[in-house]
Every structure is written in C-alpha cells, then in structure tokens.
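1. Quick check, what structure comes out for this input:
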Amino acid sequence: SARAAALLGGGSSGDGRSSGDTGGESDDVDVDADAVHAVDLADAEPLADAFVAEGINPGTTADITCAALYVALRRGAEVTP
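-> Sure, this is the predicted structure:
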C-alpha cells in the first residue's frame, strides 16, 4: 500500500498516496529492497494498528502476499537483484 511505502521512504506523493494511486483497491508502489531491509520494525507497529482499526488483518494480508509470490515463482517469474 502507499501507506506502507511512505513508512519505507518511497512511493509517496506526500499525502499518503502513491503517485499512481487512484483510490482503488490496488496501489502500485515501487520500494527499493534496501529500504525494506533497513526499516525499523517499531515504526511499522502504528501502521499495523491502523490496519487493524480499519478491519484489515495485517497477518492475513501478509499471508496472501506470500501466497501470490509463491504462485508467481512457481509459474516461472524471475527475480533479479
């Protein structure tokens, strides 16, 4: 999501939305892998709390993301550094 990207320091237009965000269900956000590895997990806690307050289960969201990644890799998607 654009809110997660803002936490990681990328993809945000300053208003909490990604530059390509149209307000729909999907946010296409590019975030550098180094930013993901460098994030302080304590900073992510308020975002997870906000998701829960909105009825979004962050654990389920992560499970769905992992499942989609697994399917893409099994279907031949290639990962490059």
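
2. What residue spans form the domains of the protein?
-> Domain ranges of the chain: 1-39, 40-81, per automatic domain parsing.

3. Go through the ones you listed and find the least confident stretch.
-> Of all the domains of the chain, domain 1-39 carries the lowest average pLDDT, namely a mean of 60.

4. still on that earlier bit, point out the most buried one among the domains of the chain.
-> Each of these was assessed for mean neighbour count using mean count of other C-beta atoms under 10 Å. The highest is domain 1-39, with a mean of 14. In short, each C-beta sits where N, CA and C put it, glycine included.

5. what about the longest helix in the protein?
-> helix 58-74 (DSSP state H).

6. and it, how far from the chain's centre?
-> Helix 58-74 sits 12 Å away from the centroid of its parent chain (C-alpha atoms, centre = their mean, to the nearest Å).
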